[in-house]
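Undergrad: Next come a sequence and a model predicted from it.
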Amino acid sequence: MDETVEDPPTSAVLLDHCHFSQVIFNSVEKFYVPGGDVTCYYTLTQHFIPRRKDWIGIFRVGWKTTREYYTFMWVTLPVDLNSNSAKQQEVQFKAYYLPKDDEYYQFCYVDQDGVVRGASIPFQFRPENEEDILVVTTQGEVEEIEQHNKELCKENQELKDSCVSLQKQNSDMQAELHKKEEDLETLKSTNKKLEQQVKAQKDCWETELLQLKEQNQKMATENEKLGVRVEQLQAQLSTQEKEIEKLVQGSQDKTEQLEHLKKEKSQLLLTLTQQREHQKKLEQTVEEMKQEETTAMKKQQELTDENSGLSKTLSENKIMCSILQREKERLEKENDLLKRENSRLLSYMGLDFDSLPYQAPTSDQAGAGQNPALVYGNPYSGIQESSAPSLRTMKRCPTCKSDLADDIFGPTLEQQHMEALCLNCPICDKTFPAREKQIFEDHVFCHTL
């Protein structure tokens with residue numbers, strides 16, 4: 001295997017610290033002919049266990065460290081270490097990778113830690129010496145050899161031509177290799193810059209990674225909170241679903257109630273239409289009542305005017321009554337004077353006032369009848385009738401219990417006085433006393449219903 005593919009593990013361990021007896025190399029020749037493959041046979045001892053990165057290298061005799069190998073091959077791990085076939089192993093080195101000089105070399109087994117576990121006897125890479133070979137040939141064989149020699153010469157000439165061509169290709173390849181090396185240097189420089197950028201980017205990524213880890217931790221915490229919140233929302237959702245079912249049931253009930261209300265609405269609309277017609281009739285009745293009220297107001301105004309006149313007349317009557325009262329008092333005083341004068345005259349005539357028989361007053365004694373205090377009449381009636389007015393006859397009102405003079409209150413004024421003390425309904429002409437005003441108002445209000 002070419003060592004440029006992957007370098008084997010080596011170390012700077014000196015020869016004094018190596019254990020050469022753990023792997024034993026068998027059937028090692030004194031020399032190997034160049035141009036041919038070389039097979040290396042070795043045996044693993046009982047206490048040695050091979051590993052995956054172990055390798056066998058060809059070292060020039062006199063090597064100091066395992067880094068001085070010329071070429072190497074990876075060992076093949078046995079399937080079963082306990083079998084005899086597992087102890088006997090071999091590797092094959094290709095002729096292309098073998099040394100081209102005649103120096104002494106040896107096989108060395110190196111483990112993956114870079115420690116030598118076994119070494120072979122020295123050997124060389126050289127052709128066989130003709131002095132050591134005795135050749136016995138016949139004439140036919142000589143001719144055959146000559147013919148073969150001609151062919152070899154011809155082949156040698158072809159190989160020379162091919163070598164020239166290969167040398168030219170080699171020079172071209174060298175120039176291309178030089179160019180590739182320059183490109184490689186450029187790539188190394190670019191790679192170095194890229195490594196620096198990668199390092200900076202890596203630092204940046206590490207910082208971002210730390211931030212992302214922190215964010216991830218926060219997100220994990222938030223995720224836990226969201227999980228709790230989701231559970232709460234699911235519980236709320238189940239509760240809301242139950243409420244929705246109740247609402248759907250309530251909606252169905254409401255729908256049924258709505259249908260019932262629609263029917264009631266249609267009935268109410270019918271009733272409303274009837275009420276509107278009744279309202280129109282009532283409006284007509286109200287209009288008629290308004291007209292009647294206007295008539296009543298006019299009549300009331302007339303009564304108010306008449307009442308004002310009666311009030312004025314009442315005031316005049318009160319003045320007349322006061323005048324009559326003073327006249328009465330004056331007459332009573334005069335009556336007292338006449339009584340004393342009568343007693344004096346009776347005494348002068350020798351008669352006792354109490355022994356006189358009672359005589360009803362006659363029509364000639366009308367003046368005495370007008371004054372009940374004069375039993376036998378007034379002897380000075382002729383003089384008094386010319387000087388004082390006669391007393392008026394009085395009547396008592398059955399409603400207000402007030403006294404009315406016959407000569408002042410005639411039938412017309414008495415009727416007006418009675419109408420002023422009564423309340424007449426403007427609709428049915430029913431009469432109520434003035435003291436029953438509340439009953440009158442309730443009666444009028446009943447007509448508006």
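TA: Here it is on my side, so go on. Numbers count the residues shown, from 1 in each chain.
Undergrad: Which pLDDT does the model give residue 41?
TA: In this model, residue 41 is scored at 94, pLDDT.
Undergrad: Confirm that it sits in a strand.
TA: Yes - per DSSP: H, G, I helix; E, B strand; the rest coil, residue 41 lies within a strand segment.
Undergrad: contacting residues around the closest residue to residue 92 other than its chain neighbours?
TA: Counting by C-beta to C-beta, 6 or more residues apart in numbering, residue 39 is the residue found nearest to residue 92 once chain neighbours are left out, at 4.9 Å. Every residue, glycine included, has its C-beta placed from N, CA and C. Counting by C-beta atoms under 8 Å, 6 or more residues apart in numbering, residue 39 touches 90-93.
Undergrad: which stretches of the protein aren't confidently modelled?
TA: 1-6, 10-19, 82-86, 129-138, 351-420 (pLDDT under 70).
Undergrad: the strands in it, which residues?
TA: Secondary structure of the chain by DSSP state E: the strands cover 23-26, 31-32, 38-44, 55-60, 69-74, 88-93, 104-110, 116-119, 123-125, 394-396, 403-405, 422-424, 431-433.
Undergrad: just the contacts of residue 39 now: which is nearest residue 110?
TA: residue 91 (12.5 Å; C-beta to C-beta).
Undergrad: burial of that closest one, as a residue count?
TA: 19 (other C-beta atoms under 10 Å).
Undergrad: tell me the contacts of the residue lying closest to it once chain neighbours are set aside?
TA: Nearest non-adjacent residue to residue 91, counting by C-beta to C-beta, 6+ apart: residue 73, 4.5 Å away. Residue 73 makes contact with 1, 40, 55-57, 91-93 under the criterion C-beta under 8 Å, 6+ apart.
Undergrad: Can you tell me who residue 73 pairs with across the strands?
TA: In this entry, residue 73 is beta-bridged to residue 56, by DSSP bridges.
Undergrad: mind checking which of the strands of the chain is nearest residue 280?
TA: strand 422-424 (30.1 Å).
Undergrad: Mind listing what's buried along the closest one?
TA: Neighbour-count burial for strand 422-424 flags 423-424 (criterion: 16 or more other C-beta atoms under 10 Å).
Undergrad: mind listing what that strand pairs with, with the direction of each?
TA: Counting by DSSP bridges, strand 422-424 is paired with strand 431-433 (antiparallel).
Undergrad: who touches the strand it pairs with?
TA: By C-beta under 8 Å, 6+ apart, the list of residues contacting strand 431-433 reads 399, 421-425, 439-440, 443.
Undergrad: Same check on stretch 120-129?
TA: With contact meaning C-beta under 8 Å, 6+ apart, stretch 120-129 is reached by 25, 28-34, 40, 61, 98-108.
Undergrad: which of those residues are buried?
TA: 25, 28, 32, 40, 98, 105-108.
Undergrad: In TSV, list those along with distance to residue 46.
TA: Conversion of those to TSV gives the following (distance: C-beta to C-beta, whole Å):
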residue	distance to residue 46
25	17
28	22
32	30
40	21
98	32
105	28
106	24
107	21
108	21
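Undergrad: quick one: which of these is nearest residue 160?
TA: residue 98 (23.7 Å).
Undergrad: Is it possible to mark the buried ones in the contacts of residue 73?
TA: Using 16+ other C-beta under 10 Å, the buried ones in those are 40, 55-57, 91, 93.
Undergrad: Can you tell me which of the residues you listed is closest to residue 334?
TA: Taking the buried ones among the contacts of residue 73 together and measuring to residue 334 by C-beta to C-beta, the closest member is residue 55, at 182.4 Å.
Undergrad: nearest to residue 7, of the strands of the chain?
TA: Closest of the strands of the chain to residue 7 is strand 69-74, at 8.9 Å (criterion: C-beta to C-beta).
Undergrad: got the CA coordinates for the closest one in CSV?
TA: Taking Å, rounded to 0.1, in the frame of the first residue of the first chain, the C-alpha atoms of strand 69-74 are listed here in CSV:
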residue,chain,number,x,y,z
TYR,A,69,10.2,3.1,7.4
TYR,A,70,10.6,2.8,3.6
THR,A,71,7.2,1.3,2.9
PHE,A,72,4.5,-0.5,5.0
MET,A,73,1.3,-2.6,4.8
TRP,A,74,-1.6,-2.8,7.2
